[in-house]
Structures are given as C-alpha cells and as structure tokens.
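Enquirer: What would the 3D arrangement of this be:
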Amino acid sequence: RVSRDTPRASPMDEEEDLASQLGPRTSQVPDTDVSRLKRAYVNEKCAPEILPFEHDLMRRVTESVDAQESTVAASRAAAGSGASSATDDLTAHVYHAELNRIRFLMRAYYRARLRKIETHAVHCLKEPDVLERLSDLEQRYASDYANIVEEHFSSVLGQMPEGYESMVQQIIEEDGAFDMVPEPDADAHVFCRVREDRGDVMLDPDDPENTMDLERDDILMIRYRLIKKLLEDEAVDLM
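Expert: Predicted coordinates:
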C-alpha cells in the first residue's frame with residue numbers, strides 16, 4: 001500500500017529512470033545483419049560500379065530467413081489447429097511481415113547487381129578485379145548474357161565489312177583496345193554520409209592538396225572516385 005504522503009513519480013521521472021537503466025541514448029542504428037543488408041542495397045544502388053558481393057552477409061541472412069520461415073509456418077499451423085493463443089497468432093503475423101521486408105531487400109540487392117551486370121557484362125568479364133567482385137552465379141550469368149547478346153547481334157555484324165564485325169572494337173586489331181565496351185563512370189557525382197570521424201583526408205591522390213575534414217554524419221555530394229576508398233573501408237555510406 002502506498003502512503004498518501006508519498007509523492008507519485010511523474011511520467012517524466014519514470015522515463016528518466018528507465019533511460020538510466022537502459023544506458024546512454026544513441027542515435028546510431030544497431031549494426032544488425034538487416035541494417036547491413038539495407039546499407040549494402042543502398043550502396044549498390046547508388047554506386048556507379050558494381051561492388052564486391054556480400055557473401056557472408058547474404059549467407060547469414062538467407063539462413064536466418066529460412067529458419068524464421070519454419071518458425072512462422074509452425075506457429076500458423078498451431079493457430080489453425082487451435083493449439084495456440086491469439087497472441088501467438090499475432091506474433092506469427094508480425095514475424096511474417098518482417099520476413100517479407102527482408103526478402104524485399106534481398107531481391108532489391110540482387111536486382112541492382114544484375115542491372116549493372118547486364119549494362120557492363122563485357123567490362124565485368126574482361127577486368128579480373130571486377131570479375132572477382134561477382135559471386136559464382138553472377139559470373140556465370142555475366143558470361144551467358146554476353147554470349148547471348150553477341151549471338152543476337154552476330155546476324156547483323158556478320159554483314160559488316162571485314163574488320164568491322166566486332167562488338168567490342170570499332171576496327172578489329174590483334175592488340176587493339178576494347179573501345180566499344182561501356183564502363184562505369186567513376187566521375188559520376190554521388191551523395192554520401194560519413195560514418196566516422198576521419199579528420200583531414202586526402203581525397204585525390206593526384207592532387208595531394210585536395211583535402212577535406214570529414215566528421216561523422218557529414219553529408220557530401222562528390223565524385224565517386226574520390227570516396228571509393230572510403231566506401232571500401234566502410235567509412236562512408238552512399239545515399
């Protein structure tokens with residue numbers, strides 16, 4: 001029993017007590033696999049070139065989704081037989097909605113990568129460092145796609161004068177450059193958010209005096225090639 005003389009805690013006091021128990025507040029998003037997947041998708045969508053495939057992340061997310069789908073299916077089966085409560089059924093619906101959100105992010109990530117592979121299929125295949133960024137299935141897809149496109153245009157290219165039948169060279173030369181292969185534009189401008197304090201950073205190796213003081217949560221519009229290394233180091237996120 002609470003004494004009448006004992007003052008009741010105000011809602012503000014209760015909130016402060018709860019906050020003190022939970023620890024200091026932070027605006028940083030928890031670094032979960034789902035948040036990493038979202039960052040990977042946005043970075044992939046906004047970068048002009050294809051980024052390294054997130055092998056470990058996609059494996060973990062896929063395994064988690066498969067395990068959670070089994071749990072949701074079991075909960076729904078129990079709800080259908082009347083063996084579970086309404087709360088369990090509601091929880092299953094919430095989990096199912098979250099799974100749909102994660103599956104959407106996974107599909108969007110794959111679609112963004114496939115779009116770049118189709119746009120720059122030959123470039124991906126002829127540059128070893130770019131080819132290494134693709135998964136095994138993506139490498140096979142890029143090879144098959146390039147072969148299909150070449151086969152499709154062969155009926156027209158075969159009618160061209162000798163030396164002009166190539167799909168990748170204006171004039172066929174043994175040591176000639178692939179001057180008809182589109183490549184990503186590394187000078188394209190992108191928006192990015194700085195994830196950590198970096199201090200004074202040299203952005204352009206060709207211009208040592210071109211530096212910028214980067215602080216956490218700074219938002220920049222800048223040429224992609226100037227922040228490519230920072231993106232690889234996870235010091236910035238595209239947006």
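Enquirer: what's the longest helix along the chain packed up against?
Expert: Ranked by residue count, the top helix of the chain under DSSP state H comes out as helix 86-119. Secondary-structure packing of helix 86-119 (3 or more C-beta pairs under 8 Å, 6 or more residues apart in numbering; DSSP states H and E): helix 33-46, helix 55-80, helix 136-157. C-beta here means a position set from N, CA and C on the backbone, and glycine is covered the same way.
Enquirer: which parts of the second one are buried?
Expert: Burial within helix 55-80, assessed by neighbour count using 16 or more other C-beta atoms under 10 Å, is assigned to Met58, Val61, Val72, Ser75, Arg76, Ala79.
Enquirer: picking up where we left off before, average pLDDT for the longest helix of the chain?
Expert: Averaged over helix 86-119, pLDDT sits at 87.
Enquirer: Following the chain past it, name the next helix or strand.
Expert: Next helix or strand after helix 86-119 toward the C-terminus (DSSP states H and E): helix 121-126.
Enquirer: gap between whichever helix or strand comes after that following helix and the chain center?
Expert: Next helix or strand after helix 121-126 toward the C-terminus (DSSP H and E): helix 128-131. With C-alpha atoms, centre = their mean, to the nearest Å as the basis, helix 128-131 stands 19 Å off its chain's centre.
Enquirer: Can you name the residues that contact Ile117?
Expert: Ile50, Cys124, Leu134, Glu138, Tyr141, Ala142, Tyr145 (C-beta atoms under 8 Å, 6 or more residues apart in numbering).
Enquirer: which one of these sits closest to Asn100?
Expert: Using C-beta to C-beta, Glu138 comes nearest to Asn100 of those, at 24.5 Å.
Enquirer: Could you tell me which residues make contact with Leu105?
Expert: Residues in contact with Leu105 (C-beta under 8 Å, 6+ apart) are Val34, Leu37, Lys38, Tyr41.
Enquirer: Run through the chain and note the low-pLDDT ranges.
Expert: Filtered on pLDDT under 70, the chain yields the residue ranges 1-30, 78-89, 164-179.
Enquirer: how about the buried residues of helix 55-80 in JSON lines, adding distance to Arg115?
Expert: Shown next, in JSON lines, are the buried residues of helix 55-80 (distance: C-beta to C-beta, whole Å):
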{"residue": "Met58", "distance to Arg115": "17"}
{"residue": "Val61", "distance to Arg115": "20"}
{"residue": "Val72", "distance to Arg115": "31"}
{"residue": "Ser75", "distance to Arg115": "36"}
{"residue": "Arg76", "distance to Arg115": "35"}
{"residue": "Ala79", "distance to Arg115": "40"}
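Enquirer: buried set for the helix or strand harbouring Leu231?
Expert: According to DSSP H and E, Leu231 maps onto helix 224-232. Residues Tyr224, Arg225, Leu226, Ile227, Lys228, Leu230, Leu231 are the ones in helix 224-232 that count as buried (16+ other C-beta under 10 Å).
Enquirer: With stretch 111-118 instead?
Expert: Under 16+ other C-beta under 10 Å, the buried positions of stretch 111-118 are Ala112, Arg113, Lys116, Ile117.
Enquirer: about what we covered before: could the contacts of Ile117 be laid out in TSV, adding distance to Asp218 and neighbour count?
Expert: Below are the contacts of Ile117 laid out as TSV (distance: C-beta to C-beta, whole Å; neighbours: other C-beta atoms under 10 Å):
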residue	distance to Asp218	neighbour count
Ile50	26	23
Cys124	32	25
Leu134	32	20
Glu138	33	19
Tyr141	37	18
Ala142	36	24
Tyr145	39	17
